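Enquirer: Sequence unavailable; structure follows:
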């Protein structure tokens with residue numbers, strides 16, 4: 001059965017704007033949204049030579065001649081794509097006052113170093129002073145030459161309209177071959193965006209597009225949309241790992257700017273990037289940057305990366321740029337081309353280096369039917385206004401912040417605001433609906449009629465939560481489900497043969513979790529409350545033993561929300577308000593029953609908790625088989641498993657007793673540091689073993705990204721200490737904080753004791769884990785899991801010994817010396 005739809009009536013979703021389609025005859029068509037709309041997209045399938053050679057030749061001739069909108073002449077925004085554009089931009093960057101000042105500063109520092117080393121004579125003599133001036137000028141010229149080369153390699157080179165016309169046609173052909181249902185947008189959002197762009201062009205303000213990042217196709221889809229609706233194409237901030245032969249040059253002329261993945265301590269390069277960002281924004285050129293940094297391998301939004309975002313913020317906050325317009329963008333896919341490679345990476349396979357063959361081999365999937373792409377634009381807003389509002393808010397705090405702390409808080413607020421708004425406008429695709437249903441089943445599979453009913457229920461719940469479901473274009477849900485199953489393919493969803501009714505089951509749960517994660521943000525609060533209540537429900541017995549007090553529920557919800565603060569984007573109203581709203585909603589849906597104090601009612605959120613005695617499952621929820629409740633639990637359980645795995649894997653860091661004699665320590669301490677990457681690799685191996693031995697329920701819990709997020713959370717909590725270097729060649733190291741280090745048994749092999757802060761922390765997570773058949777034997781599980789942690793950890797310590805990892809003090813000293821040496825060598829090589 002499916003959760004009842006006769007409970008709380010879902011609030012009617014706001015009527016969605018019609019989809020927009022632009023057809024080959026240059027006409028714009030609006031199509032009513034929802035089930036009654038005709039399925040058309042902004043970009044639709046183009047003519048193929050084999051099937052329609054005359055239409056194909058006509059299309060090519062229209063693009064070559066630049067007929068109508070294809071000419072790209074009357075764009076909204078600052079002029080781009082003309083001869084000399086790149087040289088003008090390079091000149092603007094190289095004369096930037098900030099860059100000129102930094103070059104002078106670096107040259108003066110180098111002259112000072114050479115003088116102290118006796119390379120330029122004594123300071124008091126006139127001839128020596130002249131030598132210093134001459135040397136400083138020489139160094140400045142050398143640094144400017146370096147800056148010019150770096151700038152030429154970095155900047156986008158929008159030079160030719162003929163090139164961009166051809167690039168548009170080529171990329172649209174490729175995109176519509178892969179995504180046969182085209183690119184869909186909202187007409188309301190497009191019209192609003194054009195209006196904002198017209199005003200921004202008058203004010204010479206840039207539009208900064210901040211999309212989510214799930215695929216390399218993200219670059220293509222936004223550029224195609226801007227071209228098609230006549231907006232000036234944005235300069236796209238891209239990692240130089242994509243700057244490979246042929247493809248790199250093509251992308252750079254189409255709008256990509258290349259930046260290093262890590263800047264290290266390179267002050268010249270850091271200033272150069274800021275100068276380029278300033279030049280773009282000062283002249284009103286549009287910009288595109290992925291707020292998550294890299295592509296999400298898990299399907300949900302990643303925490304914001306503040307690197308390039310901080311440069312944009314600094315440009316406006318400093319006053320060097322008057323204002324810029326922020327436009328969060330959501331790009332959703334029926335199926336992401338790269339998911340197979342994502343799964344390999346999450347399971348511990350090294351990420352392959354980008355190369356031309358990878359791009360060429362991608363053509364093998366371009367003939368597949370991958371569904372459609374949906375792009376949604378949040379309402380744009382002023383970055384200057386946002387900064388001023390944040391400054392006013394922080395100025396009212398009792399304890400004043402210094403400028404650096406205030407800037408960091410504004411930057412953090414900006415990053416999470418953008419992510420929240422991306423979630424707000426995201427649409428849930430049919431594949432995400434089907435994937436979510438299949439991964440929230442208790443049984444092995446589901447019949448087709450039940451799958452359709454569950455998809456309809458989930459669509460309704462998405463809308464009730466304020467989310468959006470992709471337009472079904474007047475098609476019956478059964479047809480939509482069939483299309484989704486076709487896109488997902490038999491490698492993800494299997495069909496059991498020979499049964500009276502078509503019955504489907506999840507073949508690759510790990511890969512399907514990518515699509516389930518596209519919906520979890522809508523239900524994260526209900527999932528946390530359900531996981532907290534599960535600490536009592538899992539105990540079994542009568543209803544009286546499965547109820548929980550408000551204080552215990554709040555404590556567990558608070559614990560879990562802190563645990564996942566790097567995983568999910570939570571509403572900003574605060575714990576108590578969010579909890580009160582969630583409990584009220586679950587009660588109205590008849591999922592839970594709340595026992596209140598006699599003759600008391602609540603009238604305001606702040607009085608809500610004082611009225612509650614117990615929270616438990618409602619009678620109707622029990623009668624329906626706990627399916628609403630289980631749905632929410634199934635969503636969060638894999639993440640709880642991953643966090644528990646992360647916590648229990650820290651047991652591996654318990655120092656062996658005695659320490660191997662080959663490990664030397666400083667001052668007799670035993671604070672030995674181990675390689676962080678090797679530790680996380682071992683944690684993943686540990687998790688795979690636990691899964692296959694039955695002590696871990698979800699294989700997706702061993703994915704590398706979630707483990708990394710867990711370790712980041714543990715570092716913030718002070719459970720582990722991590723040393724990092726900006727130099728990629730110097731490995732990061734890790735050790736347990738002393739107060740979190742478990743004790744070992746005396747004698748009897750010196751095993752790890754199931755006591756202490758770390759064990760209690762892991763047990764608090766485990767209280768909300770899904771009960772498994774192999775986890776009901778208590779002490780045996782403790783011994784087995786901790787024994788395995790010791791075995792895997794022993795190998796980690798042996799590798800640490802062979803690698804020569806020393807104490808924290810000695811290791812950090814070596815890192816400092818190495819960084820200084822490499823920095824000096826880098827400067828020398830430039831001069």
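Expert: Looks like it arrived, so ask away. This is a predicted model, so every value here is computed, not measured.
Enquirer: can you count the residues close to the nearest residue to residue 108 once chain neighbours are set aside?
Expert: Residue nearest to residue 108 in three dimensions, not counting chain neighbours: residue 136, with 6.3 Å by Cβ to Cβ, 6 or more residues apart in numbering. From N, CA and C alone the C-beta is placed, and that goes for glycine too. When counting by other Cβ atoms under 10 Å, one arrives at 18 neighbours for residue 136.
Enquirer: Check which helix or strand residue 136 maps to.
Expert: Assessed by DSSP states H and E, residue 136 sits inside helix 126-154.
Enquirer: can you pull the buried residues of that helix?
Expert: With burial defined by 16 or more other Cβ atoms under 10 Å, the residues of helix 126-154 counted as buried are 131-132, 135-136, 139-140, 143-144, 146-147, 150-151, 154.
Enquirer: The residue nearest to residue 108 against residue 105, yeah?
Expert: No. Using Cβ atoms under 8 Å, residue 136 makes no contact with residue 105, being 10.9 Å away.
Enquirer: residue contacts, the residue nearest to residue 108?
Expert: 107, 108, 111 (Cβ atoms under 8 Å, 6 or more residues apart in numbering).
Enquirer: switch the cut-off to 10 Å
Expert: Residue 136 is in contact with 104, 107, 108, 110, 111, 112, 114, 120, counting by Cβ atoms under 10 Å, 6 or more residues apart in numbering.
Enquirer: For residue 152, see how far away the first one is.
Expert: When Cβ to Cβ, to the nearest Å is applied, the distance between residue 104 and residue 152 equals 22 Å.
Enquirer: got it, and the fourth one?
Expert: According to Cβ to Cβ, residue 110 and residue 152 sit 23 Å apart.
Enquirer: pLDDT below threshold where in this structure?
Expert: Residues of the chain meeting the criterion pLDDT under 70: 1-69, 121-128, 350-368, 472-473, 598-609, 658-671, 726-728, 747-749, 772-780, 800-831.
Enquirer: what's the domain layout of it?
Expert: 41-76+158-234+286-425, 85-154, 427-509, 523-625, 636-821 (automatic domain parsing).
Enquirer: would TSV of those with distance to residue 252 be doable?
Expert: Below are the domains of the chain laid out as TSV (distance: least, Cβ to Cβ, whole Å):
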stretch	distance to residue 252
domain 41-76+158-234+286-425	9
domain 85-154	9
domain 427-509	32
domain 523-625	33
domain 636-821	24
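Enquirer: of all those domains, which lies closest to residue 244?
Expert: domain 41-76+158-234+286-425 (5.5 Å; Cβ to Cβ).
Enquirer: Out of the domains of the chain, flag the one nearest residue 240.
Expert: domain 85-154 (8.1 Å).
Enquirer: got the phi/psi numbers for residue 493?
Expert: phi -120, psi 120 (degrees, to the nearest 10).
Enquirer: Touching, it and residue 438? I think so.
Expert: Yes. Between residue 493 and residue 438 there is a contact at 6.6 Å, judged by Cβ atoms under 10 Å.
Enquirer: So which bits of the longest strand along the chain are buried?
Expert: Secondary structure of the chain per DSSP state E: the longest strand is strand 324-333. For strand 324-333, the neighbour count (16+ other Cβ under 10 Å) marks 324, 325, 326, 327, 328, 329, 330, 331, 332, 333 as buried.
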